[in-house]
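> pasting the sequence and the predicted model now:
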Amino acid sequence: MEDIYLQAQRPKYDCLLFDLDDTLYPLSTGLAAECRKNIGDYMIEKLGIDPTKIDALCNLLYKNYGTTMAGLRAIGYDFNYDEYHAFVHGRLPYENLKPDPVLRSLLMSLPYRKIIFTNADKIHSVKVLSRLGLEDCFEGIICFETLNPVHKNTVSDDEDDVAFIGSPMNSSPAATSNSESGIFDIIAHFSKPNPGSELPKTPIVCKPSDHAMERALEIANLSPQRTLFFEDSVRNTQAGKRVGLHTVLVGTSQRVKGADYALESIHNLREAIPQLWEASEKKSEVSSISGKVAVETSVTA
């Protein structure tokens, strides 16, 4: 009978998987806008791309590859990943991020595994969590370095080789000069009447690709059916749904296809999904009852 009660009251989820940027803090902080500006500056200053093409190029790369960085690599640009991240994130207005005791309290009260899953690099991820005062709220971070261990040609299955936090990896090959002839002109490609869908592949693994989603689940040893995924990106939410995750779209109260829940703010978590707490409270009650039974049995023995 006790096993039946415990099974019935088992929480629906084992793990809460959180995106980082614009999910754990609001878009109004301005970090996303500055990040986009820095990406454009990098493309002009470091890759020599025509400034008049930046907006169109960024939009196409982001839309087709998940991140501008992944798209740049796909169409033929080679650069040092660490240098890119340092340039793009190093000048962000991190001072706009303040400690969030309300969110911290919410996270600490949730009795589940909690993991960050971001396309950003390790340094940025740690800095954001630290500024928000949330650095000890999560079991680990699946970040750019975790999914792209660039010191190897293939991703290793050796657990010692993969850390949530993205263990120190060697930098990617140094940036090399790119002749225009070696760059795939994606703007010209999509300007054709019937461009087709054949595009060069990217070596970078990132959301929203199914491979990135599945790899993250594998690394963290998660069952998608027992994981709740929080994201501000509709397409990443839909990617999560494709691999079997339960999903929460953060940043709007309007639920869209691919999202099981929608939150205007991550702070609305308890009001929107109260069952996250209710299931654990019921489990505690059952455990308390079963504990008393166990004590009485041992005394009798």
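Ah, there it is.
> show me where the chain has its strands.
Applying DSSP state E to the chain gives strands spanning 15-18, 113-117, 140-142, 227-231, 246-250, 261-263.
> would you list these in CSV and tack on mean neighbour count and mean pLDDT?
To be clear about C-beta, it is placed using only N, CA and C from the backbone, and glycine gets the same treatment. Shown next, in CSV, are the strands of the chain (neighbours: other C-beta atoms under 10 Å; pLDDT from 0 to 100):
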stretch, mean neighbour count, mean pLDDT
strand 15-18, 23, 98
strand 113-117, 22, 98
strand 140-142, 22, 98
strand 227-231, 25, 98
strand 246-250, 24, 98
strand 261-263, 19, 97
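> any chance of those strands in TSV, with distance to residue 104 too?
Converted to TSV, the strands of the chain look like this (distance: least, C-beta to C-beta, whole Å):
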stretch	distance to residue 104
strand 15-18	13
strand 113-117	12
strand 140-142	17
strand 227-231	15
strand 246-250	17
strand 261-263	17
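> closest one to residue 54 among those?
For the strands of the chain, proximity to residue 54 was assessed by C-beta to C-beta; strand 227-231 is nearest, at 26.2 Å.
> which residue packs closest to residue 269, ignoring adjacent ones?
Spatially, and ignoring its direct neighbours in sequence, residue 269 is nearest to residue 106 (5.5 Å; C-beta to C-beta, 6 or more residues apart in numbering).
> OK, contacts around the one you found?
266-267, 269-270 (C-beta atoms under 8 Å, 6 or more residues apart in numbering).
> go on, residue 228?
By C-beta under 8 Å, 6+ apart, the contact list for residue 228 reads 13, 15-17, 245-248, 273, 276.
> could you verify my assumption that residue 114 touches residue 14?
No - taking contacts as C-beta atoms under 8 Å, residue 114 lies outside contact range of residue 14: 10.8 Å.
> ok so, going back, can you say which of the strands of the chain is nearest to residue 58?
For those, the distance to residue 58 is smallest for strand 227-231, at 20.6 Å, taking C-beta to C-beta.
> tilt between that closest one and strand 246-250?
Interaxial angle of strand 227-231 relative to strand 246-250 (axes from the mean of the first three to the mean of the last three C-alpha atoms, to 10 degrees): 20 degrees.
> what pairs with strand 227-231, parallel or antiparallel?
When pairing is defined by DSSP bridges, strand 227-231 lines up against strand 15-18 (parallel), strand 246-250 (parallel).
> turn these into JSON lines, including distance to residue 72.
Putting these into JSON lines (distance: least, C-beta to C-beta, whole Å) gives the following:
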{"stretch": "strand 15-18", "distance to residue 72": "27"}
{"stretch": "strand 246-250", "distance to residue 72": "27"}
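> which one of those strands lies closest to residue 147?
For the strands paired with strand 227-231, proximity to residue 147 was assessed by C-beta to C-beta; strand 15-18 is nearest, at 13.8 Å.
> show me where pLDDT drops low in the protein?
Residues of the chain that meet the criterion pLDDT under 70 lie in 1-9, 151-181, 279-301.
> mind running it again at 50?
Along the chain, the model assigns pLDDT under 50 to residues 1-2, 4-6, 151-163, 166-179, 284-301.
> can you give me the helices in the stretch 51-200 of the chain?
Counting by DSSP state H, counting those that start in this stretch, the stretch 51-200 of the chain has helices at residues 54-65, 68-74, 81-90, 101-108, 122-132, 144-147, 186-191.
> mind checking which of the ones you listed is nearest residue 205?
Ranking these by their distance to residue 205 (criterion: C-beta to C-beta) puts helix 144-147 first, at 4.3 Å.
> packing partners of the closest one?
Where contact means 3 or more C-beta pairs under 8 Å, 6 or more residues apart in numbering; DSSP states H and E, helix 144-147 is packed against helix 210-220.
> CA atoms of the helix it packs on as PDB?
Provided in PDB are the C-alpha atoms of helix 210-220 (Å, rounded to 0.1, in the frame of the first residue of the first chain):
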ATOM      1  CA  ASP A 210      17.800  18.500 -32.300                       C
ATOM      2  CA  HIS A 211      21.400  17.200 -31.900                       C
ATOM      3  CA  ALA A 212      22.200  19.900 -29.300                       C
ATOM      4  CA  MET A 213      19.000  19.200 -27.400                       C
ATOM      5  CA  GLU A 214      19.700  15.400 -27.400                       C
ATOM      6  CA  ARG A 215      23.300  15.900 -26.500                       C
ATOM      7  CA  ALA A 216      22.400  18.100 -23.500                       C
ATOM      8  CA  LEU A 217      20.000  15.500 -22.200                       C
ATOM      9  CA  GLU A 218      22.600  12.700 -22.700                       C
ATOM     10  CA  ILE A 219      25.300  14.700 -20.800                       C
ATOM     11  CA  ALA A 220      23.000  15.500 -17.900                       C
END
